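Peer 1: starting from these lines, generate the structure:
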Amino acid sequence: SDVRTGLTLDQEAAAHIGNQTRFSSLVLGHSHYSFNKRGVNVPSESNSARVFKELFIQGTPAEEARQMQRLQDGESILDSVRDQLKSINRRLGEADRQRVDLYLTSVREAEQRLQQDERWCTQPKPKVDYQPNKDDGKVVGHMRQWYDIVHLALQTDSTRVVSVALETYVSGVEGVTLTNHDASHHGKDPDKLNQLSLIEDAKVRLFGEFLDKLKQSSEGSTNLLDRSVILLASS
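Peer 2: Residues are numbered from 1 along each chain as shown. Presented below is the predicted three-dimensional model:
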């Protein structure tokens, strides 16, 4: 009970520059590693096809109208909650007022997100020459697709902050029959060590492909790689 989570670096960056893009940040994959300043886990999106649709597929006029109505309904609910909280606040003690202030901070953040979404709702999404592959169950291909989507999101300036947790149970690597987890508990077994080496080699090659794509993407007078800060880590 004495372990506390705090603000993670991606969300700190998003707090400063997230209002400049359609999405303040993207938290992708099976991630439980992004936390806001109150220590609350930021939900992640693990479906790459759904992420691609949100980023680049324009909805029909009817879908856009429904989305705008949802945003407007959300704002009206927040207005109602805020008025009620002001009334309640006058009757509370100091400790309870602090709790309410914390909640009001959440409400204000929700309002800012709604306003940002509403501004972008009328703006056309960027068009990209890319078609996501159907999931073939091979994690290597899925990881490559995540990298492609992140590259496109940065290239189109749809967001400037991304956190993506890639799968560790790697399949689709030639010569590998074990999961990444099983191979990592190798006990110095030569076969498991060899398979672990193949898995890690595949992972780093995919990351290298991603860096190459960033380097080949123009960004002002330089390239996207030179304008980015990228951290690759493992658990």
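Peer 1: from here on, contacts and neighbour counts on C-alpha atoms
Peer 2: Noted.
Peer 1: relative to Thr177, how far out is the residue of the chain most remote from its centre?
Peer 2: Each residue of the chain has a distance to the centre, and by Cα atoms, centre = their mean the biggest one is for Arg91: 39.9 Å. Using Cα to Cα, to the nearest Å, we find Arg91 at a distance of 64 Å from Thr177.
Peer 1: for beta bridges, what are the partners of the most centrally placed residue in the chain?
Peer 2: Central residue of the chain (Cα atoms, centre = their mean): Val27, 1.6 Å from the mean position. Using DSSP bridges, the bridge partners assigned to Val27 are Ser163.
Peer 1: in this structure, which spans are helices?
Peer 2: 9-17, 48-56, 61-89, 94-121, 139-155, 180-184, 190-215 (DSSP state H).
Peer 1: what's the most buried one of these?
Peer 2: helix 139-155 (a mean of 20; mean count of other Cα atoms under 10 Å).
Peer 1: who does that helix touch, helix- and strand-wise?
Peer 2: helix 48-56, helix 190-215 (3 or more Cα pairs under 8 Å, 6 or more residues apart in numbering; DSSP states H and E).
Peer 1: quick one: closest of the ones you listed to Tyr33.
Peer 2: helix 48-56 (17.9 Å; Cα to Cα).
Peer 1: now the angle from the closest one to helix 139-155?
Peer 2: Per axes from the mean of the first three to the mean of the last three Cα atoms, to 10 degrees, the angle that helix 48-56 makes with helix 139-155 is 10 degrees.
Peer 1: could you measure from Asp212 over to Ile230?
Peer 2: 13 Å.
Peer 1: how about Lys127: what's its closest non-neighbour residue?
Peer 2: Sequence neighbours aside, Phe56 is the residue nearest to Lys127 in space, at 6.2 Å (criterion: Cα to Cα, 6 or more residues apart in numbering).
Peer 1: next up, phi/psi of Gln216, please.
Peer 2: phi -80, psi 0 (degrees, to the nearest 10).
Peer 1: next up, the contacts around it.
Peer 2: Applying Cα atoms under 8 Å, 6 or more residues apart in numbering to Gln216 gives the contacts 223-224.
Peer 1: on that earlier part again, contact partners for the residue farthest from the centre of the chain?
Peer 2: Going by Cα under 8 Å, 6+ apart, Arg91 touches no other residue.
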